[in-house]
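Undergrad: Okay, here's the prediction I keep looking at, along with the sequence it came from:
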Amino acid sequence: MSHSLIDRIDALLPQTQCGECSYGACRPYATAIAEKGEALTRCPPGGVKTLRALGELLQQDVTPYIDTMAATTRPPTVAVIQEDLCIGCTKCIQVCPVDAIVGAAKLMHTVISDDCTGCRLCIEPCPMDCIDLLALEDTPAEAQRKADKARQHYERRQTRLEPSTPIPTTAAEISKKDYLAAALARAAQKRSSRESNE
Ligand code: SF4
Ligand code: SF4
Ligand code: SF4
């Protein structure tokens, strides 16, 4: 499957990165549409606008799904933290897919409004119930600018969260890994036999 089709589908998704499509984020949903013919109706933040755009790109008649999609379309929102209630637990920072929350342990946290996609993922983990969602009325140009930024922030976060130790792939790397594992096992064996003799 050409990457350009996935890119073109991804470009039409709102980049909320909410996971409501059940693919965890926008890019995997775009891939599923391109590679598995996944339904075009799985994105509530994109709603009817996204459904129509996807239908046009993929030359699918989406008319039968417009009413259902209109009923499930989720209007854009932005999260706001009631800072006087925040206990600085960092749970919201850990789940934010686009790094839109700043704060440190035991210190007040704040949402960077311009970066927040309104994905809602921070609401449920907050033990103080101090994150609210406010309605947002961006112009189409503003919404597109934020979507492009959200894509970049999501990708940057994914790169940061990737394991820093490369997975061994070549025969030499695998045998080195086996050697290390065997050495660790031998050391553990020696330690336990020493402890049982004491
Ligand atoms: S906005 Fe949410 S539901 Fe729509 S494609 Fe992205 S992750 Fe999936
Ligand atoms: S601040 Fe909350 S609603 Fe906004 S992007 Fe981050 S997790 Fe989503
Ligand atoms: S999850 Fe709630 S209490 Fe914890 S840091 Fe975030 S806003 Fe503050």
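TA: Right, received. Where do you want to start? Ligands and ions are numbered 1, 2, ... in the order given.
Undergrad: Flag every residue of the protein that's near ligand 3.
TA: By CB under 6 Å from any ligand atom, the part of the chain that sits against ligand 3 consists of 81, 86-92, 103, 109, 125-128, 130-131. For every residue, glycine as well, the C-beta is placed using N, CA and C.
Undergrad: for the chain, what are the low-confidence residue spans?
TA: Scanning the chain with the threshold set as pLDDT under 70 gives 1-2, 163-198.
Undergrad: Run through the helices of this protein in chain order.
TA: Using DSSP state H, the helices of the chain run over residues 3-12, 26-36, 47-58, 66-72, 91-95, 140-161, 171-197.
Undergrad: right, so of these, which gets closest to G19?
TA: Among these, the nearest to G19 by CB to CB is helix 26-36 (9.0 Å).
Undergrad: wait, what's in contact with S113?
TA: Applying CB atoms under 8 Å, 6 or more residues apart in numbering, we find S113 in contact with 78, 80.
Undergrad: try it again with 6 Å
TA: S113 is in contact with V78, counting by CB atoms under 6 Å, 6 or more residues apart in numbering.
Undergrad: how close does it sit to K106?
TA: For S113, the distance to K106 equals 23 Å [CB to CB, to the nearest Å].
Undergrad: Number of residues surrounding R156?
TA: Residues lying near R156 (other CB atoms under 10 Å) number 12.
Undergrad: Renumber starting at 33 from here on
TA: Let's use 33 as the start, then, which means that last one is R188.
Undergrad: re earlier: I'd like the helices of the chain as JSON lines, with distance to ligand 2 appended.
TA: Formatted as JSON lines, the helices of the chain follow (distance: least, CB to the nearest ligand atom, whole Å):
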{"stretch": "helix 35-44", "distance to ligand 2": "18"}
{"stretch": "helix 58-68", "distance to ligand 2": "13"}
{"stretch": "helix 79-90", "distance to ligand 2": "17"}
{"stretch": "helix 98-104", "distance to ligand 2": "19"}
{"stretch": "helix 123-127", "distance to ligand 2": "6"}
{"stretch": "helix 172-193", "distance to ligand 2": "8"}
{"stretch": "helix 203-229", "distance to ligand 2": "36"}
